[in-house]
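[1] sequence? don't have it. structure:
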Ligand SMILES: Cc1cc2nc3c(=O)[nH]c(=O)nc-3n(C[C@H](O)[C@H](O)[C@H](O)COP(=O)(O)OP(=O)(O)OC[C@H]3O[C@@H](n4cnc5c(N)ncnc54)[C@H](O)[C@@H]3O)c2cc1C
């Protein structure tokens, strides 16, 4: 016999759990989260670089992360028990974007105006100002930089996930282990989800929070969304001296970023040939370290000339091939399917605002705080990209 629920969330990592918790604050809804792997070994959430920035080109992305930063900083206040247990150790050291030519500097200037308009505290810095703040950096090739003075840095990704799950469960959300392998349609509606082990779950509303597998789940409802897994390898490395305490996350326009990670550093480079990955391919691309990352690091700072790689892991972006932005909201062709997909490289920081927005959509039928409708599926069907230029 089918088990019945009001809302079935497919995928119980950070996005699914944020939606579950925000929804659970509304009385009277039975909410079920179905998760194929509660160890989250291959979830983007667990394999993330766990950083947050307001330095986006798209004002909505700035506003989404602005809300996320406060949420992350104040997360422990949501718990009645010892606050320190749920502190997400938000290290607000900022992102430092480096421009090496006029074209890149113009992008930083343009984004700076957008970001200030959404409450960001980005400042533009000359090469001398960068050098004065961060003497370890080589600024010879730099013409301008942008630094987020607040609301940017890194935090405990799994702490956010486990905290949201705990809060959701306290409010009565049920987490089930299982993999949705089919959705049974009745006209324009999904009637039920079928699990790999044969169980069936009926629901009024189905929410796709399946991360890089979001395209597969949409296909079960006979619709297509342009999401595919893209592999990213993250490296942790050691320098003779630990990172300076105020070191930021540094990103340049060549697809390289690095930041402190405890007493070590971590960093990554965008692959030269970025192709869709197999769903089960989590082999780190070690060649990237020697061939691409290390030479660029050594060029950026002398301290990176003698580094030792400690470990590496690969994770998948749920990459939106259309415009590298999230796809949020009701699917126009399936009346009870809500999408929370395609976060590319910035879904962890977006989880608080996305969870809030989707709860508003379910409860009120429209967004009541931040209007997320520009991120709807309609733009894709109509061929109108809603671009984010600042993808790391
Ligand atoms: C290397 C890397 C670095 C990143 N760095 C950052 C960063 O610095 N800042 C940032 O904000 N974001 C970053 N991201 C992106 C961020 O991690 C993701 O956008 C975010 O975690 C997405 O969360 P999610 O819940 O949508 O997806 P996931 O964490 O992938 O979770 C999806 C869940 O759905 C489950 N699932 C899938 N299919 C089914 C099914 N059929 N049935 C049941 N369950 C199913 C999966 O098991 C999984 O647990 C990074 C990602 C990677 C890979």
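    Ah, there it is. Just so it is clear, the model here is predicted, and its values are computed rather than measured. Numbering: from 1, shown residues only.

[2] what separation is there between residue 322 and the ligand?
    According to CB to the nearest ligand atom, to the nearest Å, residue 322 stands 16 Å off from the ligand. Where you see a C-beta, it was placed from the backbone N, CA and C, and this is true even at glycine.

[3] which residues sit in contact with that residue?
    226, 380, 385 (CB atoms under 8 Å, 6 or more residues apart in numbering).

[4] again with residue 326
    Contacts here follow CB under 8 Å, 6+ apart; on that basis residue 326 touches 320, 340, 341, 342, 343, 344, 347, 350, 354, 375.

[5] and residue 72, by the same measure?
    Contact analysis of residue 72 by CB under 8 Å, 6+ apart lists 52, 88, 90, 155, 160, 349, 352.

[6] that one falls within a helix, correct?
    Yes - counting by DSSP: H, G, I helix; E, B strand; the rest coil, residue 72 is found in a helix.

[7] not counting its neighbours along the chain, what's nearest residue 64?
    Nearest non-adjacent residue to residue 64, counting by CB to CB, 6 or more residues apart in numbering: residue 353, 4.3 Å away.

[8] flag the shaky bits of the chain, pLDDT-wise.
    Applying pLDDT under 70 to the chain flags residues 83-84, 391-392.

[9] from the ligand, how far out is the most centrally placed residue in it?
    Centroid check for the chain by CA atoms, centre = their mean gives residue 347 as the closest residue, at 1.8 Å. Distance of residue 347 to the ligand, given as CB to the nearest ligand atom: 2 Å.

[10] secondary structure class for the residue nearest to that residue when sequence neighbours are not counted?
    Nearest in space to residue 347, with sequence neighbours left out and distances taken as CB to CB, 6+ apart, is residue 15 at 6.1 Å. Put simply, residue 15 is helix when judged by three-state DSSP.

[11] I figured residue 15 hits residue 342, correct?
    No - Residue 15 is beyond contact range of residue 342, at 10.6 Å (criterion: CB atoms under 8 Å).

[12] neighbour count: those two, which is higher?
    residue 15 (34 against 29; other CB atoms under 10 Å).

[13] for that one, what are its contacts?
    Residue 15 sits next to 45, 209, 211, 340, 343, 347, 351, 354, 355 when contact means CB under 8 Å, 6+ apart.

[14] what does residue 62 give?
    Going by CB under 8 Å, 6+ apart, residue 62 touches 54, 55, 56, 114, 115, 117, 118, 119, 120.

[15] what two of the contacts of residue 15 are the furthest from one another?
    211 and 355 (14.5 Å; CB to CB).

[16] coming back round to it: how about the contacts of residue 62 in TSV, adding neighbour count?
    Listed next are these as TSV, based on neighbours: other CB atoms under 10 Å:
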residue	neighbour count
54	28
55	27
56	23
114	19
115	28
117	11
118	18
119	14
120	27
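
[17] just the residues you listed now: which is nearest residue 139?
    Of these, the one sitting nearest to residue 139 (CB to CB) turns out to be residue 55, at 18.3 Å.

[18] how near is that closest one to the ligand?
    Plainly put, residue 55 is 12 Å away from the ligand if you go by CB to the nearest ligand atom.

[19] phi, psi for that residue please.
    phi -80, psi 80 (degrees, to the nearest 10).

[20] mind listing what it touches?
    Counting by CB under 8 Å, 6+ apart, residue 55 has contacts 62, 95, 97, 111, 115, 120, 122, 146, 148, 152, 390.

[21] tell me how far residue 272 lies from residue 256.
    Residue 272 sits at a distance of 12 Å from residue 256 (criterion: CB to CB, to the nearest Å).

[22] and residue 218, by the same measure?
    33 Å.

[23] those two: which is more packed in?
    Counted by other CB under 10 Å, residue 218 and residue 256 do not tie: residue 218 has more neighbours, with 24 against 21.

[24] test my guess that that one contacts residue 226.
    No - using CB under 8 Å, residue 218 is not in contact with residue 226, being 9.8 Å away.
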